[in-house]
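Engineer: Got a predicted structure plus its sequence, pasted below:
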Amino acid sequence: MNADVVVIGAGIVGAACARALARAGLSVVVLDRDAPASATSARGEGNLLVSDKAPGPELDLALLAADHWPRLAAELADELGSFPDLEYDRKGGLVVATTAEGAAPLRAFARSQAEAGVETEHLSAADALSLEPHLNPEVTAAVHYPQDAQLQPVVATEALLASARLAGARVLAHREALGLVRDAARRITGVRTASETIGTSAVVVAAGPWSGAVTESFGARLPVRPRRGMVLVTARMAPRVFHKVYDGDYVGATQSAEADLQTSSVVESTPGGTVLIGSSRERIGFDDRLRVAVLAQLARRALRLFPFLAATPVIRAYGGFRPYVPDHLPVIGEDPRHPGLWYATGHEGAGIGLAGVTGDLLCAQLIGTAPAIDPTAFLPSRPSLAARPRTDNTQPGGSA
């Protein structure tokens, strides 16, 4: 079997890359050692956010994605017809401060985002309660972000893969990439699996938090490490949360480089009537054991936003691993030390929202067309990705 490009990972970022490359006329094979959309893409909340990003390259990419996702969702619906609904909903986000000390920083952060092109609306407590009637009335500041949206990430991943197949891509589940094949000049000529070698000159690593382990097995090095997160899910109820609502502490948690546990309050409803409660972040390798103390912190913080949740049953909890990079920017582009080896990874909690534009940006670089945004800040050659000592237990597990 031969292909112009082999994509490693059938999560939402790998699916978006496969779709973009196949639609550009390249032959594409996608490999995943598990089932598609079974790892990180199945363990998130489906957020498409601009509200949590500071001015800079990632926010620029998120603003591009905010305009891109409605078009992409419509294209997929047209292509796939009766395919399950992506549940795309531009419901907006509401960020609040719950202390007097948190009010001014929240407002200042929102002003800096507005200067970078984000739609923001500063609200009084009464205005916030008009959007979220069950919100704690003692909030000290609130900002509404109309561009924030949500979708069902597993359905979105499967839809992108279905579209890629229509364009000729082959998706091989339960097929692990074991290593690269190179010629005498060290050029990539194939990818080895347990059953065959797939001839190719271009390999895209889109294995999420397992990307660091995959690249090491290929003789390369990329500082992508797992960052664990957990979510509580309530029983179904009549709609009582209408936006993505979170405490301003969430932004600091997403941008922190600390390995220790950090929690912040994030609450939102799903179309099915459940409420998702997050979020936590900690770098503990691929340890997936249930941590009741973390769940208790999530519950306590959620009550600061929505006191009514005290009487709401929790029916389950789940966790997953985000692909963490020390400088908090995704890695999109070719490894200059290993020509033919490409990366589309490191999005941490923003992979669902940034998947579509990541696929397009990767494809534009690979085929040599003009990208929609300057890729420089995301390239593997950036100085902030210089080799670092390993600090996490990175024994691989899950999809790659």
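Structural biologist: Cool, got the structure. Remember, it's a predicted structure, so these values are computed and weren't measured experimentally. Residues are numbered from 1 along each chain as shown.
Engineer: Any idea how many residues pack against residue 217?
Structural biologist: Neighbourhood size, residue 217 [other Cβ atoms under 10 Å]: 16. Heads up, the C-betas are built off the backbone N, CA and C, glycines and all.
Engineer: Repeat that for the one 10 residues further on.
Structural biologist: Residue 227 sits with 25 neighbouring residues when counted by other Cβ under 10 Å.
Engineer: do residue 374 as well
Structural biologist: Residues near residue 374, counting by other Cβ under 10 Å, number 11.
Engineer: Same question for residue 369.
Structural biologist: Residues near residue 369, counting by other Cβ under 10 Å: 11.
Engineer: so what's it scoring on pLDDT?
Structural biologist: What the model reports as pLDDT for residue 369 is 97.
Engineer: Same check on the one 3 residues further on?
Structural biologist: On pLDDT, residue 372 comes in at 95.
Engineer: For it, which residues are in contact?
Structural biologist: Counting by Cβ atoms under 8 Å, 6 or more residues apart in numbering, residue 372 touches 64, 357, 360-361, 364.
Engineer: Now render the residues you listed as TSV, adding neighbour count and secondary structure.
Structural biologist: Formatted as TSV, those follow (neighbours: other Cβ atoms under 10 Å; DSSP: H, G, I helix; E, B strand; the rest coil):
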residue	neighbour count	secondary structure
64	17	helix
357	26	helix
360	25	helix
361	26	helix
364	17	helix
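Engineer: I'd like to know which of these is nearest to residue 81.
Structural biologist: residue 360 (23.3 Å; Cβ to Cβ).
Engineer: what separates that closest one from residue 172, distance-wise?
Structural biologist: Residue 360 sits at a distance of 23 Å from residue 172 (criterion: Cβ to Cβ, to the nearest Å).
Engineer: Quick check: closest non-adjacent residue to residue 235.
Structural biologist: Leaving aside its sequence neighbours, residue 235 sits nearest to residue 313 (Cβ to Cβ, 6 or more residues apart in numbering; 4.4 Å).
Engineer: nearest to residue 113, of the contacts of residue 372?
Structural biologist: Set against residue 113, the nearest of the contacts of residue 372 by Cβ to Cβ is residue 64 (14.9 Å).
Engineer: Pretty sure that closest one sits against residue 371.
Structural biologist: No. With contact defined as Cβ atoms under 8 Å, residue 64 does not count as touching residue 371 (10.1 Å).
Engineer: thinking again about what came up before, show me which of the contacts of residue 372 is closest to residue 78.
Structural biologist: Checking these against residue 78 with Cβ to Cβ, the nearest one is residue 360 at 17.8 Å.
Engineer: Now do the same contact list for the closest one.
Structural biologist: Per Cβ under 8 Å, 6+ apart, neighbours of residue 360: 16, 20, 68, 371-372.
Engineer: Tell me which two of the residues you listed sit farthest apart.
Structural biologist: The most widely separated members of the contacts of residue 360 are 16 and 371, with 14.4 Å between them, by Cβ to Cβ.
Engineer: out of these two, which sits in the more crowded spot?
Structural biologist: Neighbours per residue (other Cβ under 10 Å) separate residue 16 from residue 371, with residue 16 holding more: 31 against 15.
Engineer: So which helix or strand of the chain has the lowest pLDDT on average?
Structural biologist: Within the chain, confidence by mean pLDDT, DSSP states H and E is lowest for helix 249-255 among all helices and strands, at a mean of 50.
Engineer: if we can go back for a sec, save the contacts of residue 372 as CSV, and put in distance to residue 115 too.
Structural biologist: Putting the contacts of residue 372 into CSV (distance: Cβ to Cβ, whole Å) gives the following:
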residue, distance to residue 115
64, 17
357, 22
360, 26
361, 24
364, 28
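Engineer: Okay, now stretch 187-205: how far is its last residue from its first?
Structural biologist: From its first residue to its last, stretch 187-205 covers 16 Å (Cα to Cα, to the nearest Å).
Engineer: Show me which residues of that stretch are buried.
Structural biologist: For stretch 187-205, burial by neighbour count (16 or more other Cβ atoms under 10 Å) applies to 188, 190-191, 193, 197-205.
Engineer: swap in stretch 108-128?
Structural biologist: Across stretch 108-128, burial judged by 16+ other Cβ under 10 Å covers 109-110, 113, 118-120, 123, 125, 128.
Engineer: what does that stretch contact?
Structural biologist: Outside stretch 108-128, the residues within contact range by Cβ under 8 Å, 6+ apart are 50-51, 53-55, 59-60, 63, 94-96, 107, 131, 135, 137-147, 248, 251.
Engineer: Now do it: distance to the chain's middle.
Structural biologist: The chain centre lies 24 Å from the centre of stretch 108-128; the measure is Cα atoms, centre = their mean, to the nearest Å.
Engineer: Then stretch 43-53?
Structural biologist: Remark: stretch 43-53 is offset 7 Å from the chain centroid, using Cα atoms, centre = their mean.
Engineer: Closest one of the buried residues of stretch 187-205 to residue 82?
Structural biologist: residue 204 (30.0 Å).
Engineer: how about that closest one, what does it touch?
Structural biologist: Applying Cβ under 8 Å, 6+ apart to residue 204 gives the contacts 5-8, 14, 17, 21, 342-344, 362, 366.
Engineer: quick revisit: which ones among the buried residues of stretch 108-128 lie within helices?
Structural biologist: 109-110, 113, 125, 128 (DSSP state H).
Engineer: For the nearest residue to residue 152 once chain neighbours are set aside, grab phi and psi.
Structural biologist: For residue 152, ignoring the flanking residues on the chain, the nearest one in space by Cβ to Cβ, 6+ apart is residue 87 at 4.3 Å. Here is the backbone geometry of residue 87 (degrees, to the nearest 10): phi 60, psi 30.
Engineer: quick one: secondary structure of the most far-flung residue of the chain relative to its centre?
Structural biologist: Most distant from the centre of the chain: residue 184, at 37.6 Å, with distances by Cα atoms, centre = their mean. When classified by DSSP: H, G, I helix; E, B strand; the rest coil, residue 184 comes out as coil.
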